[in-house]
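Engineer: Just the structure for this:
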Amino acid sequence: MTEQTAASRDMANAIRALSMDAVQQADSGHPGMPMGMADVATVLFTKFLKFDASEPNWPDRDRFILSAGHGSMLLYSLLHLTGYADMTLDELKKFRQLGSRTAGHPEYGHASGIETTTGPLGQGLGNSVGFALAERLLEARFGRDLVDHFTYVIAGDGCLMEGIGQEAITLAGHLGLGRLIVLFDDNGISIDGPTSLSTSEDHKKRFAAAGWHVLSVDGHDAEAVTRAIRKARNVTDKPSLIACKTVIGYGAPTKAGTAATHGSPLGKDEIAGTREKLGWNHAPFDIPEAVFSAWRKVGARGKTARRKWTKRHAEMPADDRAEFDRRMKGDIPAAVGEAIDAFKTKVATEKPAWATRKSSQEVLEVINPVLPDTIGGSADLTGSNNTKTATLKPATKADPAGRYVYYGIREHAMAAAMNGMALHGGVIPYGGTFMVFTDYCRPSIRLSALMGIRVIYVMTHDSIGLGEDGPTHQPVEHLAALRAIPNLNVMRPADAIETAECWQIALEAKTTPSIIALTRQNLPTVRDAGDGNRCTRGAYILAGDASAPIRLIASGSEVQLALGARDLLAAEGLTAAVVSMPSWELFEAQDDTYRREVMGGDDTVRVACEAAAGFGWERWLGAKGAFVGMKGFGASAKASDLYKHFGITAEAIAAAARQLAQ
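Structural biologist: Just a heads-up that it's a prediction; the model follows:
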């Protein structure tokens, strides 16, 4: 191994010391990975990473993603040492404590420099595909003078073992994302012990087979790491993996190289021995001035590049500069609202009987030409999800400007990549699959909500109405499961007009991801264009008025059944109002007065209908309520036969209302 210079060695040891001290003080955490990867991180930050700690949101900064999020003290130490203003020494001392910026795993929004929330292994690797793809798309539009950055990832054995890791690896290789560089912490240790207990893969061959440029180095040899990163940066037609052979818990006298350093504090005696072995004769959290100053110079090194970029930005043509700034802010141009209003007027006149998945495609046909931010895609269900429109060309190695991603059968990587694109900024990702396969996307959907980012999930075939594919593909519990996720708008439109309104809501929700649940089966147009976006309230009276003693409440494809039930009740002299409820979350955000107007008072009879499980509907039904829907899994048959078989009919809704009204 080539010996490091004293300055470089001490800079890396500062990371090790802060990491082991913070974990010890918290009596919780993962010191081993930061100690093992400190040398690699020091090379990356001191010699390659383009950033300015004083302007952490500079659009053309390199992105650094800690996919191995359990080693969060590596990132927190680097942010503190390089001078990010909100990552103070006190924050490091409050590691894993309530209210601190230094959560157990990095959380986007808690502190500057945390590009994404990681911890569930493989998520950061999946995100990185989206970051790199967004960089390439924006470079194609605005040029290399404005968009010229890399995405670097530190990933561990766990990230590569997770299924999402394989999905992300093959997608990145297929797309030829040459500005993506993954630094693999090849320490051969997981929580259970040596990785040989559970895997015998050759990761380097796996990456090479997926179309990656692959290098292998001693992760404690700074010069070798430097040469490898330099080579990787020069490979522009494929992503790069640098397998860095490291010792987990490097420097610990008895625990280095073992699982004992992975997920537990080292202990006072081991820390004392580590200080002696590393020659680090400083008190806990004490960084010598020379080392601290060297790190702060690293944090300021990018000022020159940023100022040059700012000058180039200012010299852009005014229209291009305004467009770039709008896209990075995530604002939606007025033309989108105008296009949606015109679409609603047209549909209200023509009254098509479209499946809402078809309605969604028709809405996208008017949105995508006036909103260049959108990046569409599907997990091998383009023709079923109806996510591709005429103006979108495929994203390929040959066409970096393509705005449609053929994700293949990689639902999890699709969702994680969309998170990465949204976090990068400048693009608005949407992607489709069947509603039942939200199970494959759920970890990434949950992180979309946790981070508060605009990602749009187009989930079609949303009920037993998909028909003959049967119970394996018919979502029953999925609406309830998705509605349980905080900060996620789940929207199930009833027709083309509601579908357009749900798209408008999703596009304008900068800090909330959206599920748009869409039908396979055709539905009648039940709405007029009206004034404004009625779906923004979550629920509204579609037919009848607030004085009616009965409410028939439904979403999506069952709204037409509620309307039919209202007619049946009217023939018997019973007055009912139909409530279309596309989104529980949006309705819950309304004030009490509006909610009471829509749902009626305590004595109001309320019958809800949805071709799904009834979990959660009790919150809206009150004392005199009933639910008509699924009580188990579906079956394989025509949609019309299934609705009758499971008793989800206008007659069943009317009967329930009649009984409660007696």
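
Engineer: mind showing which ranges of the stretch 451-600 of the chain have poor pLDDT?
Structural biologist: By pLDDT under 70, the stretch 451-600 of the chain has no low-scoring segment.

Engineer: how about the helices of it, start to end?
Structural biologist: Counting by DSSP state H, counting those that start in this stretch, the stretch 451-600 of the chain has helices at residues 478-483, 496-508, 559-571, 584-588, 592-599.

Engineer: Touching the first one from outside, list them.
Structural biologist: So the one you mean is helix 478-483. 435-436, 438-439, 442, 445, 462, 488, 490, 492, 515, 517, 584-585, 610, 612-613, 615-616 (C-beta atoms under 8 Å, 6 or more residues apart in numbering). Placement of C-beta: from N, CA and C, glycine included.

Engineer: Now, of those, which are buried?
Structural biologist: With neighbours counted by 16 or more other C-beta atoms under 10 Å, these contain buried members at 435-436, 438, 442, 445, 462, 488, 490, 492, 515, 517, 584-585, 610, 612-613.

Engineer: part of a helix, is Ala305?
Structural biologist: Yes: Ala305 forms part of a helix when assessed by DSSP: H, G, I helix; E, B strand; the rest coil.

Engineer: got the helices of the stretch 451-600 of the chain as a markdown table, with distance to Pro265 columns?
Structural biologist: Shown next, in a markdown table, are these (distance: least, C-beta to C-beta, whole Å):
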| stretch | distance to Pro265 |
| --- | --- |
| helix 478-483 | 36 |
| helix 496-508 | 44 |
| helix 559-571 | 57 |
| helix 584-588 | 40 |
| helix 592-599 | 49 |
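
Engineer: Mean neighbour count, those: which tops it?
Structural biologist: Counting by mean count of other C-beta atoms under 10 Å, helix 496-508 has the highest mean neighbour count of the helices of the stretch 451-600 of the chain, with a mean of 26.

Engineer: what helices or strands is that helix leaning on?
Structural biologist: Secondary-structure packing of helix 496-508 (3 or more C-beta pairs under 8 Å, 6 or more residues apart in numbering; DSSP states H and E): helix 334-350, helix 356-367, strand 456-460, strand 489-491, strand 514-517.

Engineer: That helix to helix 334-350, inter-axis angle?
Structural biologist: 170 degrees (axes from the mean of the first three to the mean of the last three C-alpha atoms, to 10 degrees).

Engineer: Between helix 559-571 and helix 496-508, find me the angle.
Structural biologist: 130 degrees.

Engineer: How far does helix 496-508 sit from its chain's centre?
Structural biologist: Put simply, helix 496-508 sits 20 Å off its chain's centre (C-alpha atoms, centre = their mean, to the nearest Å).

Engineer: Quick one: work out the angle between that helix and helix 356-367.
Structural biologist: Using the same axes, to 10 degrees, helix 496-508 lies at 60 degrees relative to helix 356-367.

Engineer: and Gly573, how many neighbours?
Structural biologist: Neighbours of Gly573 under the rule other C-beta atoms under 10 Å: 6.

Engineer: next one: the one 5 residues further on
Structural biologist: As a burial measure, the neighbour count of Val578 was computed by other C-beta under 10 Å and equals 26.

Engineer: which strand residues sit across from it in the sheet?
Structural biologist: Ala543, Leu552 (DSSP bridges).

Engineer: ok, it touching Val559?
Structural biologist: Yes: applying C-beta atoms under 8 Å, one finds Val578 in contact with Val559, separated by 7.1 Å.

Engineer: and for those two, which residues touch both?
Structural biologist: Overlap of the contact sets of Val578 and Val559 (by C-beta under 8 Å, 6+ apart) consists of Leu542.

Engineer: ok, now how distant is Gly432 from Met491?
Structural biologist: 14 Å (C-beta to C-beta, to the nearest Å).

Engineer: who's more crowded, the two?
Structural biologist: When Gly432 and Met491 are compared for neighbours, Gly432 comes out ahead with 31 against 26, by other C-beta under 10 Å.

Engineer: ok, how many other residues are close to Arg322?
Structural biologist: Residue 322: Ala, not Arg. 11.

Engineer: what helix or strand is it on?
Structural biologist: helix 318-329 (DSSP states H and E).

Engineer: got the CA coordinates for that helix in PDB?
Structural biologist: Taking C-alpha atoms only, helix 318-329 is exported to PDB below (Å, rounded to 0.1, in the frame of the first residue of the first chain):
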ATOM      1  CA  ALA A 318     -33.000  35.500 -21.000                       C
ATOM      2  CA  ASP A 319     -35.600  33.000 -22.000                       C
ATOM      3  CA  ASP A 320     -33.400  30.000 -21.400                       C
ATOM      4  CA  ARG A 321     -32.300  31.400 -18.100                       C
ATOM      5  CA  ALA A 322     -35.900  31.900 -17.000                       C
ATOM      6  CA  GLU A 323     -36.800  28.400 -18.100                       C
ATOM      7  CA  PHE A 324     -33.900  26.800 -16.300                       C
ATOM      8  CA  ASP A 325     -34.700  28.700 -13.100                       C
ATOM      9  CA  ARG A 326     -38.400  27.800 -13.300                       C
ATOM     10  CA  ARG A 327     -37.600  24.200 -13.700                       C
ATOM     11  CA  MET A 328     -35.100  24.100 -10.800                       C
ATOM     12  CA  LYS A 329     -37.700  25.900  -8.600                       C
END
